[in-house]
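Peer 1: sequence and predicted structure are below.
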Amino acid sequence: MAAPLRKVALVGGSGHLGPYILKALQADSAFDVTVVSRQSSTANFPPNTNVVKVSDVYTKDKILDVFKGHNAVVLSLNFAAEFQHHNMLVDASVEAGVKRLIPFIWGGRIDLLEAQKFFPIAASKASLLDYVRSKVGSAPGWANGLFHDLSFANLRRRPDRTVYISSFETSMNEILAAYKSATGVSGWKVAHDSVDQGIKITQETNKTSQEFMDKMRAIGLLGLLVGVKKGLGGDFAAEGLSDIELLELPRSDVTETITQLLKG
Ligand SMILES: NC(=O)c1ccc[n+]([C@@H]2O[C@H](COP(=O)([O-])OP(=O)(O)OC[C@H]3O[C@@H](n4cnc5c(N)ncnc54)[C@H](OP(=O)(O)O)[C@@H]3O)[C@@H](O)[C@H]2O)c1
């Protein structure tokens, strides 16, 4: 039996995803968590959280020092920062003797060439995973599809591969219906287009727009469209990949999730 992963270092325990990972780890007394946070960070953590402050540029010496004695490292940095510091964080994990590294996937089927072709972020994330593979021979990680509610769960059952988590499978029409029902707002102007046409338009906006926010909106919408396009691996259950049962995670549905989201 594999040795227990007691000491876990979480790099990026704040922001959007980090607090969910931290909460799940802290809820399980099997884990002893260290959060690695930047010196300039104004993030707040729950009382009694062990927080180690590091330089904003994440110097390797300091990171190596922090990782030593930890059994697992979970990476959940800001999207731009993850690309900047990823390889160093992987190297430091290996050099510190960390047994389990959960790298930056936090998305969908980034391994599919077809998905990479449609969604540039998938290709970039795949290159990060290739680096992990080149260093440790395998590439464990968490593929959760889109974070409709940023849910996160149990890290203890840990097959030596990517685990696929999907609380529900959905479509753009279902998402729209769920928003309508949750907001109770009527008078929506709805224009129907095919998913393929939507992908074409958002790819074009992403390529040609000079405005940063327009590009970001296009990338966000592209991620949503790629997630629901058939053949791009977004439906883990249909492909028989879902690890929901293995992880004993509850199922949910899109209406319930969006209603909860809108309630805050
Ligand atoms: N599947 C999806 O739908 C989806 C959606 C969003 C994100 N993601 C993925 O989830 C992971 C985490 O993303 P996130 O949205 O949670 O990240 P985030 O909130 O933007 O940032 C997470 C943490 O990174 C640290 N950080 C380091 N350098 C930073 C910088 N230059 N600017 C801002 N923060 C910096 C901060 O922690 P400290 O302040 O404590 O240092 C911050 O709280 C990423 O791998 C991302 O690609 C997936």
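Peer 2: Looks like it came in fine. Residues are numbered from 1 along each chain as shown.
Peer 1: the chain: helices as residue ranges?
Peer 2: Along the chain, the stretches classed as helices by DSSP state H are 18-26, 60-67, 79-95, 113-118, 120-136, 172-183, 195-208, 212-228, 254-263.
Peer 1: highest mean neighbour count out of these?
Peer 2: Neighbour counts averaged per stretch over the helices of the chain are highest for helix 18-26, at a mean of 19; criterion: mean count of other Cβ atoms under 10 Å. In this view, the C-beta of every residue, glycine as well, is placed from N, C-alpha and C.
Peer 1: quick one: that helix to chain centroid distance?
Peer 2: On the basis of Cα atoms, centre = their mean, to the nearest Å, helix 18-26 is displaced by 13 Å from the centre of the chain it belongs to.
Peer 1: and stretch 99-107, is it in reach of the ligand?
Peer 2: Yes - against the ligand, stretch 99-107 shows contacts by Cβ under 6 Å from any ligand atom at 104, 106, 107.
Peer 1: how much space between the residue of the stretch 1-150 of the chain found nearest the ligand and residue 81?
Peer 2: When Cβ to the nearest ligand atom is the measure, the stretch 1-150 of the chain has its nearest residue to the ligand at residue 15, with 2.1 Å between them. Residue 15 sits 10 Å away from residue 81 when distances are taken as Cβ to Cβ, to the nearest Å.
Peer 1: so which bits of this protein are right by the ligand?
Peer 2: Of all the residues in the chain, those lying near the ligand are 12-18, 37-38, 41, 43, 76-79, 81-82, 104, 106-107, 144, 146-147, going by Cβ under 6 Å from any ligand atom.
Peer 1: in PyMOL, how would I select the buried members of those?
Peer 2: The following PyMOL command selects only the buried members of those, with burial defined by 16 or more other Cβ atoms under 10 Å:
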select buried, resi 12+13+14+17+18+37+38+41+76+77+78+81+82+104+106+107+144+146
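Peer 1: let's see which of the residues of the chain next to the ligand end up in strands.
Peer 2: Cross-referencing the residues of the chain next to the ligand against strands under DSSP state E gives 37, 38.
Peer 1: residue 161: which of the helices of the chain is closest?
Peer 2: With respect to residue 161, and counting by Cβ to Cβ, the nearest of those is helix 120-136 at 11.2 Å.
Peer 1: now do that closest one: everything it contacts.
Peer 2: The set of residues external to helix 120-136 that reach it, using Cβ atoms under 8 Å, 6 or more residues apart in numbering, is 79, 82-83, 86-87, 90-91, 94, 101, 103-105, 107-112, 115-117, 139, 141, 206, 219, 223, 226.
Peer 1: need the contact list for the closest residue to residue 206 other than its chain neighbours.
Peer 2: Leaving aside its chain neighbours, residue 206 sits nearest to residue 218 (4.2 Å; criterion: Cβ to Cβ, 6 or more residues apart in numbering). Counting by Cβ under 8 Å, 6+ apart, residue 218 makes contact with 202, 203, 205, 206, 209.
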